[in-house]
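> My questions are about this predicted structure, shown below with the sequence.
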There are 2 protein chains.
Amino acid sequence: MATRPKDLSLNEEQLAAITSGPIAGSRKSYRQGTRYPALRVPYREIGQTPTRARDGSLEANPAIPVYDSSGPFTDPAFTMDLEAGLPPLRQAWAGPDLELYAEPSSEFGRGRLHDPATEHLRFAARRSIRRARAGGNVSQMHYARRGIITPEMEFVAIRENQCLDRLREQAPALFRAHRGQALGAAIPDTVTPEFVRDEVACGRAIIPANINHPELEPMIIGRNFLVKINANIGNSAVSSSIAEEVEKMVWAIRWGADTVMDLSTGKHIHETREWIIRNSPVPIGTVPIYQALEKVDGKAEALTWELYRDTLIEQAEQGVDYFTIHAGVLLRYIPMTADRLTGIVSRGGSIMAKWCLAHHRENFLYTHFEEICEIMKAYDVSFSLGDGLRPGSLADANDEAQFAELYTLGELTQIAWRHDVQVMIEGPGHVPMQMIQANMEEELKHCFEAPFYTLGPLTTDIAPGYDHITSAIGAAQIAWYGTAMLCYVTPKEHLGLPDKSDVREGAVAYKIAAHAADLAKGHPGAQVRDNALSKARFEFRWEDQFNLGLDPERARSYHDETLPQEGAKVAHFCSMCGPHFCSMKISQDLQDYAQSKGLEALEEARGEGMQEKSEDFRRLGQNIYLR
Amino acid sequence: MATRPKDLSLNEEQLAAITSGPIAGSRKSYRQGTRYPALRVPYREIGQTPTRARDGSLEANPAIPVYDSSGPFTDPAFTMDLEAGLPPLRQAWAGPDLELYAEPSSEFGRGRLHDPATEHLRFAARRSIRRARAGGNVSQMHYARRGIITPEMEFVAIRENQCLDRLREQAPALFRAHRGQALGAAIPDTVTPEFVRDEVACGRAIIPANINHPELEPMIIGRNFLVKINANIGNSAVSSSIAEEVEKMVWAIRWGADTVMDLSTGKHIHETREWIIRNSPVPIGTVPIYQALEKVDGKAEALTWELYRDTLIEQAEQGVDYFTIHAGVLLRYIPMTADRLTGIVSRGGSIMAKWCLAHHRENFLYTHFEEICEIMKAYDVSFSLGDGLRPGSLADANDEAQFAELYTLGELTQIAWRHDVQVMIEGPGHVPMQMIQANMEEELKHCFEAPFYTLGPLTTDIAPGYDHITSAIGAAQIAWYGTAMLCYVTPKEHLGLPDKSDVREGAVAYKIAAHAADLAKGHPGAQVRDNALSKARFEFRWEDQFNLGLDPERARSYHDETLPQEGAKVAHFCSMCGPHFCSMKISQDLQDYAQSKGLEALEEARGEGMQEKSEDFRRLGQNIYLR
């Protein structure tokens, strides 16, 4: 690659800046498939130190397995080579329904492949393009409806169980959990490949997995599975390079993003996307109308179905796993937004509204919807039916325009399902708390339980700079009510393009919201990590507490700000309360007392005046803990 | 003050570091009382720039009044003198039920007043101490129950209305709001002094206002009023100085804290508190057992009722407005915590549990509760009945120990009310989402609607370093259900002592949670600020958008990271989407079109093929906006 010119977007220095290496305290592990033994399903095991008992003896604590979205980048055995892309795991899983070809069938794709002007930006290592044979259908839904369990289905079944089976035998106490209120979800104790198949078949879940994205580690989106999060990245006309975007993707999945949307609207959208997909172990989503608009120099009225169609094929052949398509922005709904406080705030929605008005014709995404389905099923691209009329402020929440579009998305869902094409539904936006549940209920009812994928929602408009928090509040609630995937919001929302620090803040805030919802729904095993961390906290195993958290680095650095000495990592207090006031320490004294005297001692303590007991406790306490 | 020795905790440099000056874009204002014309109730007006119409004409936007907790520090007319303390506003409001005296009646207080060793730390400007005449009662509840409207009651009535009356006439459109779901609250359209009195009389709200805290700007805590937030500050044995703590208080109220708890457990607790109270316009809460424990060198079993009683009087005479008292940690409840994952995590709760077990006697706070009431009513200190057995992990949420204590707090509430002493009830802690509502319901039922004051709750245990977010999710929900005040949690929770940056993060996260709850409850006028900000956002009035937010500085700096030029502050786009993809801009085009052609044009647009209309739009759009 030494021959590449100086202005290459991925130079040596930038390549070196891609984040890799294990997550603190974690060991990357894999579980083999049963039906498909070639499958290696990734997870992460967080190691723990032993508990030190009062008599000094050590009691081992088990490693805690957790779901892992970070891909090979966190595996020390993996040698990163961005220019080659990730290993094409899924290539070998493909069935006989495919045809292979070398030359892109989209005009734009062909043009860019041979354009000398973008030669220096081009991803070099090309593979054959794949497509369903003429008239065929390679969607996961299509296979599921024929009773077929694909490798992808077994993969996600194993993944969803988080390899907790051994831990359950090893440390059953960690599985103590509250009963959830799943509000209509029906979460199985163990996810089987058959359950995955059935959920995909009926449309209640999707596995976004373009056959041209063999680098993918499949995942599933549906309300009977773990709640997922999406991170948006992408350049704009104002900033960012290809290398930065690749690093943002790697960085986002390290912090837990389950899918990544490339929302680039700047230069070299095609090339940026290729680099991202070839190196992405998670599904990549896009909004094809953005690139289409770039192709007509930003003039919405110049968009045509033909141009858009070519863009869909171009991106499908690159391997995009799901497309946001604003096919529900109908001409007759646009006047409904005229009285809104903030009009139309979806980029795609406003582009289509502008086109509709400029031509006084119906949205071409709606009128050509069946043709779009034909493209989707040839590559297994999933629909993410865009909510182009979502509210951009509390004032506009749950209004006529929003719900009119939602009902149309339901109509389109049924059309897509007739083609066995996978669908999820995008949701708002800005919604006050008391109006969130209605969004979920309307979606389930009118979109026939297709997975809901919401942006937040933000529960107030008054905190620019903190919208990861205003929206995490709404996101946790709507996910509890049944939303299957949450699109993150970063602190930069409404203000600027997120940088790496914002991606981390947004991703962690949304992992919190998603996990809070998993707990509230009573997802089996969801509370294990909470229990393990709480136990570590109570036992002053500081390193374990850090490592079991969502952001070990930050937890450690916060602790070390006031107590940086290594000794403080085993201290029975922290700077918050100091040694005398540590409730956990005092509470441990009490439990030690109970253990040494038997629980009866405490039970008997209910009577008063038991002088002997109290002297026992004083003696014991003073000997062991008090200074 | 030049004579003070070098080691003075408040040196010149530190005094200069106290944050003062107006909040960006805001003007400090005051509203006079009617019944008590001497009252000057503070609020803040956020100025706005005009809207620029399509024809270039300007349309003024009104200033938005908002509740203001920041005290005189943000008033440019105020000259700060920390060593003199704030002006004693309430001194003149006092009635004839008081007696004045110079020498503290607590032994400890007298000792410290004359101790040469702490001379250099002592707050110099002393006033007479006040107390109810023998056998008297000066609590707000006592007056309320006699039908008396105190100046404090009129003050909070004016304050709760946020001076929105003029704006309502000026800009009625900003008052467009969704209906709330107040879940049992009964929020009036306008808060009258009579309503305040009645809520205080029945115990559904409290006005924490010690008669020895004349610097206070009164506020109210109750579920039919705006949701309030508390910020904890305080040193520990490990860190912090007096000056730092005073600045943390000033800093916390600047970011919206409605009350501040001084949880100091380190050196010079008495002196630190005096400096804080004399300079605090918000109620100060403490946990007296902390100082009592320091007095016995951290040996819980050495605590006595006499020592504790002296501490209560010492602090009451300084002007502490509410005391957290863990009188519900009964001996017989302690065994209920033996099987917990994380035992007892309240500092006060664990201290009392240790004392109970060491002596095998009932908690002396419980056995002496009526005597405590006598002290409270002599100074009008409010109870914050502590939840010493709150859960410290999800695993322990809503367990037997927690609810047993809650029921006892209800019993104590009724005793306090017999003495006309104001009460609020502290709540958890760590609770998964699906179990939050039960906490509120149990509290209302068993504590007879006394205001609930909760710490979060945290909705997951797995995010140390982000517990302001894990808990803001729970806080927003429980406040919606009826919690009256939220105790903030900072990012340092479980890891270390919060510094100024943490105080800001915690306070803003909790202002978000509180405001989201006010919106969900349908609090009158709550949506005005959201609507104003959204309008500013839609009209690209960037400065107004920043200033209307909870943190104007951060919003501005995030925006400026990518577009620092002054021109970008009026640009019709930001770095997020760039000029072509700005949905707000496109959406404005549509609205302009609708305005110029009349709304019928859009309505007619429902029909297809209206060639003339579409040409109109193209011409219009191209002339005005498209490049």
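Received the coordinates, thanks.
> Only C-alpha atoms from now on, for both contacts and neighbour counts.
OK.
> for chain A, what's the longest helix?
helix A:500-521 (DSSP state H).
> can you tell if that one touches chain B?
Yes. Against chain B, helix A:500-521 shows contacts by Cα under 8 Å from any Cα of the partner chain at A:Ala509, A:Ile512, A:Ala513, A:His515, A:Ala516, A:Ala517, A:Leu519, A:Ala520, A:Lys521.
> Can you tell me the SS state at A:Glu99?
At A:Glu99 the chain is in strand, as set by DSSP: H, G, I helix; E, B strand; the rest coil.
> what's the longest helix of chain A packed up against?
strand A:228-233, helix A:242-254, helix A:467-481, helix A:526-538, helix B:467-481 (3 or more Cα pairs under 8 Å, 6 or more residues apart in numbering or on different chains; DSSP states H and E).
> Where does the record place the domain boundaries for chain A?
A:193-520, A:577-626 (the TED database).
> got CSV for these, with mean neighbour count and mean pLDDT too?
Formatted as CSV, those follow (neighbours: other Cα atoms under 10 Å in any protein chain shown; pLDDT from 0 to 100):
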stretch, mean neighbour count, mean pLDDT
domain A:193-520, 24, 96
domain A:577-626, 18, 57
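> what does the stretch 201-350 of chain A have sitting close to chain B?
Taking Cα under 8 Å from any Cα as the measure of proximity, the stretch 201-350 of chain A contacts chain B at A:236-239, A:265, A:290, A:298-299, A:331-332, A:334-335, A:338, A:341-350.
> Could you rerun that using 10 Å?
A:234-239, A:263-266, A:290, A:293-294, A:297-301, A:330-350 (Cα under 10 Å from any Cα of the partner chain).
> Torsion angles phi and psi at A:Asp297?
phi 60, psi 40 (degrees, to the nearest 10).
> OK, now which residue of the stretch 1-150 of chain A is nearest to chain B?
A:Val66 (11.8 Å; Cα to the nearest Cα).
> I'd assumed that residue was in a strand, is it?
Yes. Residue state for A:Val66 (three-state DSSP) corresponds to a strand.
> Which strand residues bridge it?
A:Val66 has these beta-bridge partners by DSSP bridges: A:Arg44.
> Contacts only, for it.
Residues in contact with A:Val66 (Cα atoms under 10 Å, 6 or more residues apart in numbering or on different chains) are A:26, A:28, A:42-46, A:159-164, A:525-526, A:528-529, A:548.
> can you check A:Asn398 too?
Shown in contact with A:Asn398 (Cα under 10 Å, 6+ apart): A:390-391, A:404, A:428-432, A:435-436, A:438-439, B:178.
> Let's have those residues in a markdown table, adding distance to B:Ile473 and secondary structure.
Converted to a markdown table, the contacts of A:Asn398 look like this (distance: Cα to Cα, whole Å; DSSP: H, G, I helix; E, B strand; the rest coil):
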| residue | distance to B:Ile473 | secondary structure |
| --- | --- | --- |
| A:Arg390 | 23 | coil |
| A:Pro391 | 22 | coil |
| A:Ala404 | 30 | helix |
| A:Pro428 | 18 | coil |
| A:Gly429 | 17 | coil |
| A:His430 | 16 | strand |
| A:Val431 | 15 | coil |
| A:Pro432 | 13 | coil |
| A:Met435 | 16 | helix |
| A:Ile436 | 14 | helix |
| A:Ala438 | 19 | helix |
| A:Asn439 | 19 | helix |
| B:His178 | 21 | coil |
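> Redo these as TSV? Include distance to B:Pro188.
Output for the contacts of A:Asn398, formatted as TSV (distance: Cα to Cα, whole Å):
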residue	distance to B:Pro188
A:Arg390	32
A:Pro391	29
A:Ala404	34
A:Pro428	31
A:Gly429	30
A:His430	26
A:Val431	24
A:Pro432	20
A:Met435	21
A:Ile436	24
A:Ala438	26
A:Asn439	28
B:His178	16
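> Specify the beta-bridge partners of A:Ala231.
A:Val260.
> so it touches A:Tyr510, yeah?
Yes. Assessed by Cα atoms under 10 Å, A:Ala231 is found in contact with A:Tyr510 at 9.2 Å.
> Overlap of the contact sets of the two?
A:Trp255, A:Gly256, A:Ala257, A:Leu486, A:Cys487, A:Tyr488, A:Val489, A:Thr490, A:Arg504.
> residue ranges of the strands in the stretch 51-200 of chain A, please?
A:51-52, A:58-59, A:64-67, A:98-101, A:129-132 (DSSP state E, counting those that start in this stretch).
> packing partners for the second one?
Counting contacts by 3 or more Cα pairs under 10 Å, 6 or more residues apart in numbering or on different chains; DSSP states H and E, strand A:58-59 packs against strand A:51-52.
> Chain B contacts on the stretch 1-150 of chain A?
So the stretch 1-150 of chain A never meets chain B (Cα under 10 Å from any Cα).
> any low-confidence regions in the stretch 1-150 of chain A?
Counting by pLDDT under 70, the stretch 1-150 of chain A shows low-confidence ranges at A:1-12, A:14.
> circling back: tell me the spacing between the residue of the stretch 1-150 of chain A closest to chain B and A:Lys28.
Applying Cα to Cα, to the nearest Å, the value for A:Val66 to A:Lys28 is 10 Å.
> shared neighbours of the two, anything?
A:Pro42, A:Tyr43, A:Arg44, A:Glu45, A:Ile46.
> Could you pull up the contacting residues of the second one?
Contacts here follow Cα under 10 Å, 6+ apart; on that basis A:Tyr43 touches A:26-31, A:65-71, A:158-160, A:162-163.
> cool, A:Ser139 as well?
A:132, A:145, A:206-211, A:376-382, A:419-422.
> make it 8 Å
The contact partners of A:Ser139, by Cα atoms under 8 Å, 6 or more residues apart in numbering or on different chains, come to A:Lys377, A:Ala378, A:Tyr379, A:Asp380, A:Val381, A:Asp420, A:Val421, A:Gln422.
> how about the nearest residue to the last one, chain neighbours excluded?
Beyond its immediate neighbours in the sequence, the residue positioned closest to A:Gln422 (Cα to Cα, 6 or more residues apart in numbering or on different chains) is A:Ser382, lying 4.8 Å away.
> What distance do you get for the one you found to chain B?
24 Å (Cα to the nearest Cα, to the nearest Å).
> Tell me the bridge partners for that residue.
Beta-bridge partners, per DSSP bridges, of A:Ser382: A:Tyr322.
> Alright, that wraps it up for me.
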